[in-house]
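[1] Turn this into a structure:
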Amino acid sequence: MTAAQGRTGRPPLTEERKAAIRLEIARAAVGLFIAQGVAATTGEQIGQAVGVSARTVWRYFPTKESCVRPLFSSGIDAIAAALRQWRPGRPLEEAFDHVWTPDVVVPGPDVGALLRLTRTEPGLRAVWLRTHDEAEPAFARALAERAGLPSDDVRPAIWAAMLNAALRAAVEHHAYRTPEPGAGPEAERADLAASLRTALAVTAAGLT
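    The predicted structure is shown next:
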């Protein structure tokens, strides 16, 4: 009997299912953090909210604060793809027409409340900043590919740093503002999209 024939139990999870579980854990963690604070939230509670064990939570994430990482990083691949498709001679904002609209906007709706928590929770702030720090190489590779520059050219790294800082500042600006009375989800998404487009307009002159 081969190893494959002798294997029992559940089949291995697909990468898509793993990503879905990570996102479910992230959203459950955010909900608990908002409701009762980070300190009062346990891995067991996060797992119960998703229907998995605490052991499963720790299999995916090293700390409870890091559980929110998928919500912070969800837009990185979309941004990098948009940068690769940005045509020479066209406005930078145009590259994101299909990404940042009031209906489909990066990052997701959970991020505003989560970012407000980062102002008082150092552990969450560290995850947010680390996510952006790790995003820069992806942006730099995309910009180098678009410009036909070698990987060791410093210019894509500088462009990526400019863009990364502008996007982070725009999202934080949106999250930290006091919402308009009676503003619903659609107004929130539109405001976030507008903030992101402003960030692109401000930095576009240096990303030629």
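[2] Run the chain-centre distance for the top helix by length along the chain.
    Under DSSP state H, the helix in the chain containing the largest number of residues is helix 122-147. In terms of CA atoms, centre = their mean, to the nearest Å, the gap separating the centre of helix 122-147 from the centre of its chain is 10 Å.
[3] tally of neighbours for T14?
    T14 is flanked by 9 other residues according to other CB atoms under 10 Å. The C-beta positions use only the backbone N, C-alpha and C, and glycine is treated the same way.
[4] can you pull the pLDDT of it?
    According to the prediction, T14 has pLDDT 88.
[5] from here on, count from 52
    Noted, 52 is the first residue going forward, which turns the last one into T65.
[6] tell me the phi and psi of it?
    For T65, the backbone dihedrals (degrees, to the nearest 10) come out as phi -70, psi 160.
[7] And it, how close does it get to A220?
    Going from T65 to A220 by CB to CB, to the nearest Å gives 36 Å.
[8] what are the ranges of the helices in the chain?
    According to DSSP H, the helices that the chain contains are 54-57, 66-87, 94-101, 105-111, 120-124, 127-136, 162-169, 173-198, 205-227, 236-254.
[9] out of these, nearest to E144?
    Comparison of those against E144 by CB to CB identifies helix 236-254 as nearest, at 4.9 Å.
[10] For the closest one, give the mean pLDDT please.
    80.
[11] Name the residues of it that are buried.
    Within helix 236-254, the residues scored as buried using 16 or more other CB atoms under 10 Å are E239, R240, D242, L243, A244, S246, L247, R248, T249, A250, L251, T254.
[12] what's the answer for stretch 198-209, then?
    Within stretch 198-209, the residues that count as buried by 16+ other CB under 10 Å are P207, A208.
[13] Just the closest of the buried residues of helix 236-254 to A208, please.
    Nearest to A208 among the buried residues of helix 236-254, with distances taken as CB to CB, is T254, at 14.5 Å.
[14] Can you pull out the low-pLDDT segments for the chain?
    Filtered on pLDDT under 70, the chain yields the residue ranges 52-62, 151-161, 229-236, 257-259.
[15] how about 80 then?
    52-64, 125-128, 148-163, 228-241, 243-244, 256-259 (pLDDT under 80).
[16] Spell out which residues make up each domain of it.
    With domains defined by automatic domain parsing, the chain comprises 64-118, 125-257.
[17] Next, report how far the last one is displaced from the centre of its chain.
    Its chain's average C-alpha position is 9 Å from that of domain 125-257, according to CA atoms, centre = their mean.
[18] The first one too?
    Here domain 64-118 is found 16 Å from its chain centre; the criterion is CA atoms, centre = their mean.
[19] Endpoints of that domain, how far apart?
    19 Å (CA to CA, to the nearest Å).
[20] list the buried ones in stretch 106-113?
    Here stretch 106-113 shows T107, V108, Y111, F112 as buried, counting by 16+ other CB under 10 Å.
[21] if we can go back for a sec, specify the angle between the longest helix of the chain and helix 162-169 in degrees.
    Put simply, helix 173-198 runs at 130 degrees to helix 162-169, going by axes from the mean of the first three to the mean of the last three CA atoms, to 10 degrees.
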